[in-house]
Every structure is written in structure tokens, then in C-alpha cells.
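Colleague: Test case, fold it:
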Amino acid sequence: MAVHITSKCRRWRQAGLLLALGLSLPLGAKTTLSVAWSHWPPFSYINSQGSLDGLDVTMTRQILSQAGLETRFRNLPWARALHLIKQQQLDLAMGALDTPDRREFARFSAPYRRSTFVLLSHNPIPGHADPWQGIQSLPALCQQTQLHLGKLRGTRPTQRMEHCPALKDANDYNTDDRLIELLLARRLDGVIMEWQYARYRLQQLGADSFIRCQLLLHHQPVSLMFAKEAVSEAEIARVNEAIATLPPPGNAFAPPPCRFDNPEGEQAAPRPDTAQTRQP
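Modeller: Alright, predicted model coming up:
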């Protein structure tokens, strides 16, 4: 039967071997944690210089370094990263939602940023019917039966989903890029997406001026998710202390102005079955 040795077990074995040989660990040596990343700009991506970059990557490096921990990044799809954390074969995943079921095998830092979920539409064409005309509130939107909306498969990015037929009946698609493609082709009237990725992709396509935000759904807090055996309570405490010293996010990461308000947009807590926008 194969035996899997966690990174923390390896560190303890190494320390025990050094002690058995009458040696000691180097003074000031830092624990190195394996960290999952995947292509998800602007949060994690390879920049034009060929280096790993992005908001999550930069913040994670800063937080862990301040907590006295080192990072070793591994390119892994989210589903694979989650499985490896369950098996205690990966130390850390970034931008994770803290849920009760995940706490059975993982520890979470305090939230270090928020993801903003929005409902985007294309701008109306002058002289053509605008499907959004007359919709001035979330209750009015929820009762619409003629809108064709889309969202990423496996996500439920608002508490109002079950009580809002228009959002509940949104069609599922496998990628955010497909959602943007269909929106720009006017085959969808609106899409539910994480704002930072949507803005990045639309700017890349030179299409950001053709899109407007109809509704801010909510801000979802995300944390660093550690395999339970990868870190100690003292290390988590140091990580949280580092997060507490982070400067407030700049205007570049502020949510967009939206056409009408969701009273729950700022306060809504994420549902336990919600995942990151790109992740099931």
C-alpha cells in the first residue's frame, strides 16, 4: 500500500534525522509551504517576463514572508489542489472560501481580500430594444422571464439565487471566457461573474467600453486555506497578524458602479455551497 508523507511529516523526519546525527536545523530556517496556483488573471498568472505574478501570488508571498514562512508554488487545477489538501499532500490554496465541510481537513486564515460578484450586460444599441429598460431594482429583475442570463457552472454567487427566478434560471457554462464570448455576441443578455477577472478579460479584448454593470450581487471574503497538518496554531496566528497589517485595497480593485443596487450586496454572507467563481 502506498504511503503518503505530508510536507510537515517530512520536515519532522528531517529534524529528527539531524538531531540523531547530533546536528541542528539552521538558525532562522523558515518553513516552506507548497502553494497551489492556476492561470486566473489578475490573481495568478505568468507575466511578460516569464515570472509568476498576480494579486493573490503577491499577497500570499507578503503574508507568509511576514509570518516567517517560505513559499513554493505548484501549478495545479483547483479540483486537484483541493483533493491534495484533503490528502494532506499540499500545504496551501489561495483565494478559498471558508466553509464548515472544508474545516474538517483544512485550517483557514482570516479573509485577506474579497471577490466581487456582478451581473454584467452589454450596452444597448441605439434604436434597438433594450431588454434592461424598465428594470430599476432587484425585485423587478427577479420577476423577469424574458432575460437570457448565464453563470459559471457549479457556482451560486448570491444568497438571493433561490428566491430570484431570473437568477436561479441562469444557464450554466463551463468557463468565464465562454460567458464573455456569448455576452459580446449578444447571445446572452447578462452574465454573473467575478468582477476582477471580467474586467481583465474585457480590457484584454478591448471590449470594456461595450459592457456595463447592472447589479452588484455581493462581496465574498476569501482566505488562505491550509492543509490541517501543514501548519500549527501559532503559525496561523502569525499569518493572521500579517493579514491585519495589509493596506486597504486600492481603487483598482474596487467594485464597478452598477445601474441599480442590491441592498444585501455589502452584507451578504456567502452560502456554504458557493465556490470561487472559476472553481466548482
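Colleague: Look at stretch 48-60 and report the distance between its end residues.
Modeller: One end of stretch 48-60 sits 20 Å from the other (C-alpha to C-alpha, to the nearest Å).
Colleague: go on, stretch 108-126?
Modeller: End-to-end for stretch 108-126, by C-alpha to C-alpha: 49 Å.
Colleague: What average pLDDT does that stretch get?
Modeller: Across stretch 108-126, the average pLDDT comes to 92.
Colleague: For that stretch, what is the distance to the chain centroid?
Modeller: In terms of C-alpha atoms, centre = their mean, to the nearest Å, the centre of stretch 108-126 is found 11 Å from the chain centre.
Colleague: Report the buried residues of the helix or strand where residue 237 lies.
Modeller: Per DSSP states H and E: residue 237 is located in helix 233-244. Using 16 or more other C-beta atoms under 10 Å as the test for burial, helix 233-244 gives 235, 236, 238, 239, 240, 242, 243. Placement of C-beta: from N, CA and C, glycine included.
Colleague: Looking at the residues you listed, which is nearest residue 175?
Modeller: For the buried residues of helix 233-244, the residue nearest residue 175 by C-beta to C-beta is residue 243; the value is 30.4 Å.
Colleague: Looks like that closest one contacts residue 108 (just checking).
Modeller: No. With contact defined as C-beta atoms under 8 Å, residue 243 does not count as touching residue 108 (11.1 Å).
Colleague: circling back: determine the set of other helices and strands touching the helix holding residue 237.
Modeller: Judged by 3 or more C-beta pairs under 8 Å, 6 or more residues apart in numbering; DSSP states H and E, the packing partners of helix 233-244 are helix 55-66, strand 69-75.
Colleague: What is the burial count for residue 229?
Modeller: 15 (other C-beta atoms under 10 Å).
Colleague: same thing with the one 3 residues further on?
Modeller: Burial measure for residue 232: 12 neighbouring residues, criterion other C-beta under 10 Å.
Colleague: Against residue 89, how distant is it?
Modeller: From residue 232 across to residue 89, the span is 18 Å (C-beta to C-beta, to the nearest Å).
Colleague: Okay, helices next: where are they in the stretch 151-280 of the chain?
Modeller: Under the criterion DSSP state H, counting those that start in this stretch, the stretch 151-280 of the chain contains helices at 165-168, 176-184, 195-205, 233-244.
Colleague: Let's see stretch 88-107 as CSV, backbone CA atoms only.
Modeller: What follows is stretch 88-107, C-alpha atoms only, in CSV (Å, rounded to 0.1, in the frame of the first residue of the first chain):
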residue,chain,number,x,y,z
GLN,A,88,-2.5,16.5,3.3
GLN,A,89,-0.2,16.3,0.3
LEU,A,90,-0.4,20.1,-0.5
ASP,A,91,0.0,22.8,2.1
LEU,A,92,-2.0,25.8,0.8
ALA,A,93,-4.5,27.1,-1.7
MET,A,94,-5.2,30.8,-2.2
GLY,A,95,-8.5,32.6,-2.5
ALA,A,96,-10.5,29.9,-0.9
LEU,A,97,-14.0,30.1,0.7
ASP,A,98,-14.1,29.1,4.3
THR,A,99,-16.8,26.5,4.7
PRO,A,100,-17.7,24.1,7.5
ASP,A,101,-17.1,21.0,5.4
ARG,A,102,-13.6,22.2,4.4
ARG,A,103,-12.8,22.8,8.0
GLU,A,104,-12.8,19.1,8.5
PHE,A,105,-9.5,18.8,6.7
ALA,A,106,-8.2,22.4,6.5
ARG,A,107,-7.4,25.5,8.5
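Colleague: change the start of the numbering to 838 and stick with it
Modeller: Yep, numbering from 838; the last one is stretch 925-944 now.
Colleague: So, low pLDDT: which residues of the chain?
Modeller: The model of the chain has pLDDT under 70 over residues 838-867, 991, 993-998, 1099-1117.
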